[in-house]
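# Sequence and predicted structure are below.
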Amino acid sequence: MIGYFYIFSTIAFTVYGQLILKWRVAQYGELPPLLSEKLFYILKLFLDPFLISGLASAFIASLFWIMAMTKFEISYAYPFMSLAFVFVMIFSVVVFNESLNANKMIGLALIVLGIIVTSRG
């Protein structure tokens with residue numbers, strides 16, 4: 001049971017990191033065209049506490065993934081990582097008002113179906 005906790009913690013920290021990165025980058029706007037402006041833009045991002053938390057969450061997700069690898073074969077555990085795509089898509093629609101269409105919904109359903117199939121094999 002603890003192995004599943006590690007997998008789902010990996011997913012949770014991955015999703016958190018992606019959503020925070022999207023939120024903060026959207027706050028700063030598009031990447032400027034000039035190299036000097038790009039460097040300043042990147043510096044501002046890396047000094048943003050929320051963005052730092054998003055990057056830290058990626059590191060924490062990696063630690064949980066390492067722990068999950070001690071409990072499962074990678075061929076069994078890795079398909080569960082696809083749930084991150086599902087959760088990011090759902091939260092992007094709810095939080096950022098991104099579009100959701102039939103193709104995206106079919107894609108999400110196929111991801112979930114793939115997880116079910118691979119977890120039984």
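That came through, no problem. Residues are numbered from 1 along each chain as shown.

# Can you point out the buried residues in the biggest helix by length in the chain?
Secondary structure of the chain per DSSP state H: the longest helix is helix 2-28. In terms of neighbour count (16 or more other Cβ atoms under 10 Å), helix 2-28 has its buried residues at 6-7, 9-22, 24-25. Where you see a C-beta, it was placed from the backbone N, CA and C, and this is true even at glycine.

# which helices and strands does the helix or strand that it is followed by pack with?
As assigned by DSSP states H and E, the chain's next helix or strand after helix 2-28 is helix 35-47. Contacts defined by 3 or more Cβ pairs under 8 Å, 6 or more residues apart in numbering; DSSP states H and E place helix 35-47 against helix 2-28.

# and the angle from the helix it packs on to helix 35-47?
Computed by axes from the mean of the first three to the mean of the last three Cα atoms, to 10 degrees, the angle separating helix 2-28 from helix 35-47 equals 140 degrees.
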